[in-house]
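Novice: turn this into a structure:
(2 chains)
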Amino acid sequence: DSGVTQTPKHLITATGQRVTLRCSPRSGDLSVYWYQQSLDQGLQFLIQYYNGEERAKGNILERFSAQQFPDLHSELNLSSLELGDSALYFCASNGGINTGELFFGEGSRLTVL
Amino acid sequence: DQQVKQNSPSLSVQEGRISILNCDYTNSMFDYFLWYKKYPAEGPTFLISISSIKDKNEDGRFTVFLNKSAKHLSLHIVPSQPGDSAVYFCAALMNYGGSQGNLIFGKGTKLSVKP
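Specialist: Residues are numbered from 1 along each chain as shown, chains lettered A, B, ... in the order given. Here you go, the predicted structure:
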């Protein structure tokens, strides 16, 4: 158990819809990261927050947005969903130490039909 | 443009033998290289890392070797155990002026250790 909690674990929705994925980081961790893993792809970095502020952005689509709340939990909002958005979405956290060691949640599997 | 490449999608090894997983990278500015292991229905878990100023790091059965001139790293697992069967991701980190950068992952290699 990494201590990172993601909900929901599975989500099935239709094209054009909007969903919100939620992440609670490990206790004490200030940094939250979102990654997307599509079929046969590695983990693609989407966005990072540190203590409520956006720290870095990766290949995140304009239809996607995220935020980190004062209690440090984070939400990833995906809108105008397309079939290609079907993927595993992972949240990870760490204390901000720059060695690359992240603690990942179990992921949220999104299926867009 | 893939900066971190794992060219072998899968590897099968007999229990007790050595497993060698390979990874190539293109950017010489990476500060750290890491290996993550992922079991089905679980998130990736950190396994071992190496700083770009080192050429070897060992932790129990796991050793990572870094060859900077070849821009290549490898993970050795000796001896391999059935419980090591998982997908292994190579990742690289570049920090920017003291601020933490972000991990760039390869596509993974699925290791199967047969009893």
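Novice: so what's the residue count around A:Leu46?
Specialist: Residues near A:Leu46, counting by other C-beta atoms under 10 Å in any protein chain shown, number 22. (Glycine included, C-beta is placed from N, CA and C.)
Novice: could I get the pLDDT score of it?
Specialist: Here the pLDDT value assigned to A:Leu46 is 93.
Novice: list the contacts for it?
Specialist: Counting by C-beta atoms under 8 Å, 6 or more residues apart in numbering or on different chains, A:Leu46 touches A:Tyr33, A:Trp34, A:Tyr35, A:Gln36, A:Lys57, A:Gly58, A:Asn59, A:Ile60, A:Phe64, A:Ala66, A:Leu76.
Novice: the strand or helix carrying it pairs with which strands?
Specialist: Using DSSP states H and E, A:Leu46 sits within strand A:43-50. Sheet pairing for strand A:43-50, assigned by DSSP bridges, gives strand A:31-37 (antiparallel), strand A:53-57 (antiparallel).
Novice: so after the lowest-mean-pLDDT helix or strand in chain A, what's the next helix or strand?
Specialist: Across the helices and strands of chain A, mean pLDDT, DSSP states H and E gives its lowest value to strand A:53-57, namely a mean of 89. Reading on from strand A:53-57 to the C-terminus, the next helix or strand found by DSSP H and E is strand A:64-68.
Novice: can you give me the buried ones in that following strand?
Specialist: Buried residues in strand A:64-68, counting neighbours by 16 or more other C-beta atoms under 10 Å in any protein chain shown, are found at A:Phe64, A:Ala66, A:Gln68.
Novice: mean confidence for stretch B:4-21?
Specialist: Mean predicted confidence for stretch B:4-21 is 96.
Novice: pull out the buried positions in stretch A:103-112.
Specialist: Neighbour-count burial for stretch A:103-112, counted by 16+ other C-beta under 10 Å, picks out A:Phe103, A:Phe104, A:Gly105, A:Glu106, A:Gly107, A:Ser108, A:Arg109, A:Leu110, A:Val112.
Novice: now stretch B:37-56
Specialist: B:Lys37, B:Lys38, B:Gly43, B:Pro44, B:Phe46, B:Leu47, B:Ile48, B:Ser49, B:Ile50, B:Ser52.
Novice: among those, which pair sits farthest apart?
Specialist: B:Gly43 and B:Ser52 (25.7 Å; C-beta to C-beta).
Novice: chain A contacts on chain B?
Specialist: Residues of chain B lying close to chain A by C-beta under 8 Å from any C-beta of the partner chain are B:4, B:6, B:31-32, B:34, B:36, B:41-46, B:49, B:89, B:91, B:93, B:95, B:98-108.
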